[in-house]
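Chemist: only geometry, no sequence info:
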């Protein structure tokens, strides 16, 4: 029995060490998550979209007295803007190289994919709003000399192109999208060059999709109606390719992009359950190909929502 005491002490010491390490990790995670939550909501503090109501003449006297500025009436129903919603703009940029800053404000790369990812932290739901690249709206244009030239009506995809291809391009696109949605608060942006699609796809173990249209001309596995797990370049081809000779081919591509993004988010969430470091790993792996104002603390908070 005497020989067991040192072993028991060692086991107890190891157990205490494990508990201490796990506790420290949880504390760090909690602190980073709290900081991320604070910073994200701070971006939209006291901001609400300029909501457009239908005819307010039908309001009762009681409704008129209770009316608040961030309410909207639509089809006879009254809605209140949910300040807890988090909205992020995801941009897929039509460039395959690493992102680099430039003084030429005409070669920032077009935002061929534009999606608003809307998170509700209360019910942990995620909704995705696809924005057609050909949507006409106000965009700020610049010159090859880096000079701002004014605001014109143009395809929203072009806004990113009228910039350095880096932070200013992303910020201008965020502003254009926000204005398009009546000054909707956007809590963060993530612009990624298409080259990185294969990298981020394989980092989560591949993304499964039911192929929406025949793309065997680009990859033999992409047969319409079949379910495949995209790997490597197949993921890039699935979200990027379109036949420009076909009218409205971008609508078909937009459907594929939305499907892929939805499935990717679900796949990444499941993968994070097995590897809590995955969001940070993805963040670091993609940094040469991305521009974002989403920090590691933000990601830590979002990983738990």
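Modeler: Looks like it came in fine. None of these values were measured; they are calculated from a predicted model.
Chemist: which residue is the nearest non-sequential neighbour of the residue most central in space within the chain?
Modeler: Most central in the chain under Cα atoms, centre = their mean is residue 90, positioned 3.8 Å from the mean C-alpha point. Once flanking residues are discounted, residue 90 sits nearest to residue 115: 4.6 Å by Cβ to Cβ, 6 or more residues apart in numbering. C-betas here are computed from N, CA, C, even on glycine.
Chemist: all strands of the stretch 101-250 of the chain, in order?
Modeler: Along the stretch 101-250 of the chain, the segments classed as strands by DSSP state E, counting those that start in this stretch run 111-120, 125-131, 136-142, 148-155, 188-193, 207-210, 227-230.
Chemist: which secondary structure elements does the second one contact?
Modeler: Looking back up the chat, that one is strand 125-131. strand 111-120, helix 249-274 (3 or more Cβ pairs under 8 Å, 6 or more residues apart in numbering; DSSP states H and E).
Chemist: in a markdown table: the ones you listed, plus distance to residue 284 and mean pLDDT.
Modeler: Output for the helices and strands packed on strand 125-131, formatted as a markdown table (distance: least, Cβ to Cβ, whole Å; pLDDT from 0 to 100):
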| stretch | distance to residue 284 | mean pLDDT |
| --- | --- | --- |
| strand 111-120 | 21 | 89 |
| helix 249-274 | 15 | 89 |
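Chemist: for this structure, which spans come out with low pLDDT?
Modeler: 1-41, 43-47, 52-55, 96-106, 143-146, 300-301, 303-305 (pLDDT under 70).
Chemist: one more time with 50
Modeler: 1, 19-29, 31 (pLDDT under 50).
Chemist: what about the helices in it?
Modeler: 4-42, 61-66, 158-161, 167-180, 197-203, 233-240, 249-274, 278-286, 296-303 (DSSP state H).
Chemist: contacting residues around the closest residue to residue 230 other than its chain neighbours?
Modeler: Residue nearest to residue 230 in three dimensions, not counting chain neighbours: residue 207, with 5.2 Å by Cβ to Cβ, 6+ apart. By Cβ atoms under 8 Å, 6 or more residues apart in numbering, the contact set of residue 207 is 201, 229-230, 235, 260, 263-264, 267.
Chemist: would you list these in JSON lines and tack on distance to residue 81?
Modeler: As requested, the contacts of residue 207 are exported to JSON lines (distance: Cβ to Cβ, whole Å):
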{"residue": "201", "distance to residue 81": "35"}
{"residue": "229", "distance to residue 81": "39"}
{"residue": "230", "distance to residue 81": "37"}
{"residue": "235", "distance to residue 81": "36"}
{"residue": "260", "distance to residue 81": "29"}
{"residue": "263", "distance to residue 81": "29"}
{"residue": "264", "distance to residue 81": "28"}
{"residue": "267", "distance to residue 81": "31"}
